[in-house]
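*Asks:* Task: produce atomic coordinates for the following.
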Amino acid sequence: METFTLAAVSLIIAVSLKLYKKNDPVQMSFAALCLAIFIYKISVFFHGIFRIEYIRFIEYGGLISIPPLLIRFLRRFLHEQTLFSRDDIPATFLFGLALGLLSFMPPAYVAYLRPLLALYTAYVLILSYLSLLAYIRGKADGVEKRRMGYLAIAMPIAALLSAFDIFYYLGYGFPPLSNLVLAALLYFVLLIIAYPHLTELHELMAKALLVSVVTAFAVMLFYLVINLFGQGIHPPFTPVLVACFTIVISISPFKIVLEKIFSALYPESKDVFTSLYALDAKLERERALLLEEMAPVFAHEIRNPLGSIKGAAQYLRSEIGPGECGKLLEVIIEEVDRLNGVVSQFLDYAKPHAVNLKEKDINDIIAKAVSLIQADRISDRVAIATDLKPELPGVFVDESQIVQVILNIVYNAIDAMPEGGELSIATAEVAGEKGVLEICVRDTGKGIKEEDVKNIFKPFFTTKERGVGLGLAVCQRIIRSHGGYIIVKTEVGRGTIFCIRLKRRPQEGQRGAV
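*Replies:* You can find the predicted model right below:
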């Protein structure tokens, strides 16, 4: 069963990579390696059942192809910086082929085949591991070195666990682990090469944990159905676990194969495999793209007449002078400016802006925002205080966008204190969250009603008489594009706290557009 598990996992990984990434040389070379492992292990499995001798030749063919394919993958994975040269790929294949010819020799020679193949494979594995260590040693500190370090730790752990098989062969009743351990190692390598945006060990483990949780749920569901309708049937736990795990990791590639078949048969049915939740997300993305395309046209068509109205009103005001008509023209000019501001907010929300990340001192950004606030007379009725923790580590942000977020939140806070009050802005490192900085804006205003808190980040939701409802929506989009999030704590009549939390180094996938 353990042999079949490794064969199934290897095949699923190979098929998944072929379906998902057709042009990535690292992933394609890993897929070829997994395919060779599948051929070897499935041959071992069926030879143990049927005892057909020609299956043994397929087994040897898979085994001797593993070392050259491993070297080929390693060279691409480590960017050609290995202890192996390009010529070692055909050399190892020819050497393995020569060993494979021993299977055609008399039985006295065949007895040497397995030990020689084992020593040969061990030699290639040891050099591969030394190549990995040398590559890590030559790399500067960073994401790449950290990810390779995880693999360098996982490989000796896998070797140590596999060594426990000796107790199984000595008859101590210890279950064989090597096939299951190798299957887990192959899956871990898959996570390393297929998800480069997962830079931390806990993120990689979370991905594996998700598969484990779904597998456990499938096992529980299986036994629940068996107990209800199986009439005393109690299948062994290990085969059930292996079957459920194989099914879980097979779902995605099997779904892609079906999608390709159905796309060929029914080209118009593009959403037949899309779940209701995924369909909602797709519709949301389409609406966002439509809004992005529409926004510049919308702004252009409104701003042009607004500019003409404002220009005409300013000309008439200069000709008429002060008086009732002059006051009315002043109202027109102010309202045009307000509408122009509404259009600007709409563009900020609808039109993505590139995020230009640079390492900045968060306290310097706060100081700049506070100076802009204090230069505005609207803040005269509010006492502004800052509590900026010294010597905070730098954070990778787009300074202008973070300033915009702080200004939006602060002006909302000032609006919530029409009779005056106190406003404080504080910075700190978040306790218990490594590498996360926090900016907290606290006011002593009227607070936010409980039923309104869940809506404040929704576009066009506002409780102000003349508000647009886009300020906080823009803030949330900017902070999310930085890989952070916003926490809101409020109490009616006592004030509100907005806490912005930012990772020092946002993930690669979050360095896109706002």
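*Asks:* going forward, measure contacts between C-alpha atoms and count neighbours the same way
*Replies:* Fine.
*Asks:* Packing partners of the helix or strand hosting residue 408?
*Replies:* Per DSSP states H and E: residue 408 is located in helix 399-415. When contacts are defined as 3 or more C-alpha pairs under 8 Å, 6 or more residues apart in numbering; DSSP states H and E, helix 399-415 sits against helix 362-374, strand 436-443, helix 471-481.
*Asks:* just the angle between it and strand 436-443, please?
*Replies:* 30 degrees (axes from the mean of the first three to the mean of the last three C-alpha atoms, to 10 degrees).
*Asks:* ok, then the element right after helix 399-415?
*Replies:* strand 421-429.
*Asks:* That following strand: which residues count as buried?
*Replies:* Buried residues in strand 421-429, counting neighbours by 16 or more other C-alpha atoms under 10 Å, are found at 421, 422, 423, 424, 425, 426, 427, 428, 429.
*Asks:* ok, for the fourth one, nearest residue in space, not its chain neighbours?
*Replies:* In space, residue 424 comes closest to residue 385 once its chain neighbours are excluded; the distance is 4.6 Å by C-alpha to C-alpha, 6 or more residues apart in numbering.
*Asks:* Now do the same contact list for that neighbour.
*Replies:* 422, 423, 424, 425 (C-alpha atoms under 8 Å, 6 or more residues apart in numbering).
*Asks:* One more: residue 129?
*Replies:* By C-alpha under 8 Å, 6+ apart, the neighbours of residue 129 are 152, 155.
*Asks:* how close does it get to residue 74?
*Replies:* Noted for residue 129: a distance of 10 Å to residue 74, by C-alpha to C-alpha, to the nearest Å.
*Asks:* and if you look at residue 257?
*Replies:* 29 Å.
*Asks:* Neighbour count for these two, which is higher?
*Replies:* residue 74 (23 against 14; other C-alpha atoms under 10 Å).
*Asks:* measure that one to residue 148 for me?
*Replies:* 12 Å.
*Asks:* what's the answer for residue 375, then?
*Replies:* Distance of residue 375 to residue 148, computed by C-alpha to C-alpha: 51 Å.
*Asks:* more neighbours, those two?
*Replies:* Taking other C-alpha under 10 Å, residue 375 and residue 148 do not tie; residue 148 has more neighbours (19 against 10).
*Asks:* Which helix or which strand is home to the more buried one?
*Replies:* helix 143-162.
*Asks:* which residues touch stretch 10-30?
*Replies:* For stretch 10-30, the surrounding residues in contact (C-alpha under 8 Å, 6+ apart) are 31-32, 34-35, 37-38, 69-70, 72-73, 76-77, 183, 186-187, 190, 193-194, 249-250, 252-253, 256.
*Asks:* at 6 Å instead, please
*Replies:* For stretch 10-30, the external contacting residues (C-alpha atoms under 6 Å, 6 or more residues apart in numbering) are 31, 34, 35, 38, 73, 76, 77, 253.
*Asks:* cool, and stretch 144-163?
*Replies:* Applying C-alpha under 6 Å, 6+ apart, the contact partners of stretch 144-163 are 136, 177, 178, 181.
*Asks:* What is the neighbour count of the third one?
*Replies:* So the one you mean is residue 178. Residue 178: 20 neighbours (other C-alpha under 10 Å).
*Asks:* Tell me the secondary structure of residue 493, please.
*Replies:* The local conformation at residue 493, judged by DSSP: H, G, I helix; E, B strand; the rest coil, is coil.
*Asks:* Now it. Its backbone dihedrals?
*Replies:* Per-residue torsions, residue 493: phi 90, psi -10 (degrees, to the nearest 10).
*Asks:* Do you know the pLDDT at the residue nearest to it when sequence neighbours are not counted?
*Replies:* Distance criterion C-alpha to C-alpha, 6+ apart; nearest residue to residue 493, sequence neighbours excluded, is residue 446 at 4.4 Å. For residue 446, the pLDDT comes out at 88.
*Asks:* tell me, how many neighbours does residue 446 end up with?
*Replies:* By the criterion of other C-alpha under 10 Å, residue 446 has 18 neighbours.
*Asks:* again with residue 223
*Replies:* As a burial measure, residue 223 scores 17 neighbours (other C-alpha under 10 Å).
*Asks:* Next, it: phi, psi?
*Replies:* Per degrees, to the nearest 10, the backbone of residue 223 is at phi -70, psi -30.
*Asks:* if I look at it, how far off is residue 214?
*Replies:* Separation of residue 223 from residue 214 (C-alpha to C-alpha) stands at 14 Å.
*Asks:* hmm, back to that, and the contacts of stretch 10-30, which two are furthest apart?
*Replies:* 76 and 253 (24.1 Å; C-alpha to C-alpha).
*Asks:* follow-up on the earlier one: over to the residue nearest to residue 424. Which of the three states is it?
*Replies:* Look at residue 385: counting by three-state DSSP, its state is strand.
*Asks:* Tell me how many other residues crowd the residue lying closest to residue 14 once chain neighbours are set aside.
*Replies:* Excluding the flanking residues, the one nearest residue 14 by C-alpha to C-alpha, 6+ apart is residue 31, at 4.1 Å. Counted by other C-alpha under 10 Å, the residues lying close to residue 31 total 24.
*Asks:* Distance of residue 473 relative to residue 72?
*Replies:* According to C-alpha to C-alpha, residue 473 and residue 72 sit 49 Å apart.
*Asks:* mind saving the C-alpha coords of the helix holding residue 148 as PDB?
*Replies:* Output of helix 143-162 as PDB, limited to C-alpha atoms (Å, rounded to 0.1, in the frame of the first residue of the first chain):
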ATOM      1  CA  VAL A 143      13.700  34.800   0.200                       C
ATOM      2  CA  GLU A 144      15.500  32.300  -2.100                       C
ATOM      3  CA  LYS A 145      18.000  31.300   0.500                       C
ATOM      4  CA  ARG A 146      15.300  30.900   3.200                       C
ATOM      5  CA  ARG A 147      13.200  28.600   0.900                       C
ATOM      6  CA  MET A 148      16.200  26.500  -0.100                       C
ATOM      7  CA  GLY A 149      17.100  26.200   3.600                       C
ATOM      8  CA  TYR A 150      13.700  24.700   4.300                       C
ATOM      9  CA  LEU A 151      14.400  22.000   1.700                       C
ATOM     10  CA  ALA A 152      17.900  21.400   3.100                       C
ATOM     11  CA  ILE A 153      16.300  20.700   6.500                       C
ATOM     12  CA  ALA A 154      13.600  18.500   5.100                       C
ATOM     13  CA  MET A 155      15.900  16.200   3.200                       C
ATOM     14  CA  PRO A 156      17.900  14.800   6.100                       C
ATOM     15  CA  ILE A 157      14.700  14.500   8.200                       C
ATOM     16  CA  ALA A 158      13.300  12.400   5.300                       C
ATOM     17  CA  ALA A 159      16.400  10.300   5.200                       C
ATOM     18  CA  LEU A 160      16.400   9.700   8.900                       C
ATOM     19  CA  LEU A 161      12.700   8.600   8.900                       C
ATOM     20  CA  SER A 162      13.400   6.300   5.900                       C
END
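*Asks:* Next, residue 171: phi, psi?
*Replies:* Torsion angles, degrees, to the nearest 10, at residue 171: phi 90, psi 20.
*Asks:* tell me the contacts of it?
*Replies:* If a contact means C-alpha under 6 Å, 6+ apart, then residue 171 has no contacts.
*Asks:* re earlier: can you confirm the residue nearest to residue 493 is in a strand?
*Replies:* No: Residue 446 is assigned coil when assessed by three-state DSSP, not a strand.
*Asks:* OK, contacts around it?
*Replies:* Each residue near residue 446 by C-alpha under 6 Å, 6+ apart is listed here: 416, 492, 493, 495.
*Asks:* Kindly recompute the last result at 7 Å.
*Replies:* By C-alpha atoms under 7 Å, 6 or more residues apart in numbering, the contact list for residue 446 reads 416, 417, 492, 493, 494, 495.
*Asks:* export these to a markdown table and tack on neighbour count?
*Replies:* Shown next, in a markdown table, are the contacts of residue 446 (neighbours: other C-alpha atoms under 10 Å):
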| residue | neighbour count |
| --- | --- |
| 416 | 20 |
| 417 | 20 |
| 492 | 13 |
| 493 | 12 |
| 494 | 12 |
| 495 | 21 |
